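In: sequence and predicted structure, then a few things I'm wondering about:
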Amino acid sequence: MKLHQLFSWKSLHSIFSTPPSENSPTSPQGQTSRVELNSPSVGEVAHLPASVIGDYNTAQILNTEANYERSDGLINAPELVAFFNVDYHAVGRHDGATLKSHAALELGRTLIIAKFEITLMALMEQKDANIYKLQDQLIEIEGVDPRLSNRLRLAQERMGKDIIDLREQSEKAAKGTGWVLGSLNRYQMGFHDGLRATTLPKY
């Protein structure tokens, strides 16, 4: 995409220009009025038209990252929320009642860890792809709006830090610690509950 395709005068004027007040003097006929460029917030960038933000859906990327920040961080990414919302106690209770062995318990824990690591890997790949998309956008708008460029760089840095955090959680998960620990504990408690419910004598 060429720069003149990315930015049209009409779209730039409608988004970044400061609307004149009623008391503002109008420009003399035949003279070009000066347009004040204001750097939009992340939320405003998320609603820029496609003609300005480009083909890579950068607005959606920035809006998603802003939502993560408002919802107390990366752990509230939808993919991780879906993982943590599984009723691991009920899964463990079923496995304990039907499989009844230590090997089955360990296999269940291993499967949970594997599912968690797959979720983390998908998130890391998604953020890697978003970083490349934002890099392309930076190349396109470089020199047009320095403050908007800085916002895109900050978004890239945030995603890079998220990838580091996700990789750290993956390493911890392999040891049964970190964010996945709560899910493992609920599964194990459910497993023991299911085992006791089907093996202890009833009076």
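Out: The structure has been received and is ready for your questions. Numbering: from 1, shown residues only.
In: got the buried residues for stretch 142-152?
Out: By 16 or more other Cβ atoms under 10 Å, the buried positions in stretch 142-152 come out as 145, 148-149, 151-152. C-beta here means a position set from N, CA and C on the backbone, and glycine is covered the same way.
In: quick one: residues in contact with stretch 84-91.
Out: 108, 112, 182-184, 186-187, 189-190, 193 (Cβ atoms under 8 Å, 6 or more residues apart in numbering).
In: residue 166: which of the residues you listed is nearest?
Out: For those, the minimum distance to residue 166 (Cβ to Cβ) is 16.2 Å, reached by residue 183.
In: residues contacting that closest one?
Out: 83-84, 86, 88, 112, 116.
In: 6 Å instead, please
Out: Contact analysis of residue 183 by Cβ atoms under 6 Å, 6 or more residues apart in numbering lists 88, 112.
In: phi and psi next, for residue 77.
Out: phi -60, psi 140 (degrees, to the nearest 10).
In: tell me the confidence at it?
Out: You'll see residue 77 listed with a pLDDT of 93.
In: what is the burial count for it?
Out: Using other Cβ atoms under 10 Å, residue 77 is surrounded by 21 other residues.
In: distance-wise, check residue 81 relative to residue 103.
Out: From residue 81 across to residue 103, the span is 31 Å (Cβ to Cβ, to the nearest Å).
In: ditto for residue 177
Out: Distance, residue 177 to residue 103, by Cβ to Cβ: 22 Å.
In: most neighbours among the contacts of stretch 84-91, which one?
Out: Neighbour counts for these peak at residue 187, which has 25 neighbours (criterion: other Cβ under 10 Å).
In: now residue 161: how far from residue 185?
Out: 28 Å.
In: which one's more surrounded, these two?
Out: More neighbours surround residue 185 than the other of residue 161 and residue 185, with 15 against 12 (other Cβ under 10 Å).
In: where does the protein dip in pLDDT?
Out: 1-72, 202-203 (pLDDT under 70).
In: all strands of it, in order?
Out: Counting by DSSP state E, the chain has no strands at all.
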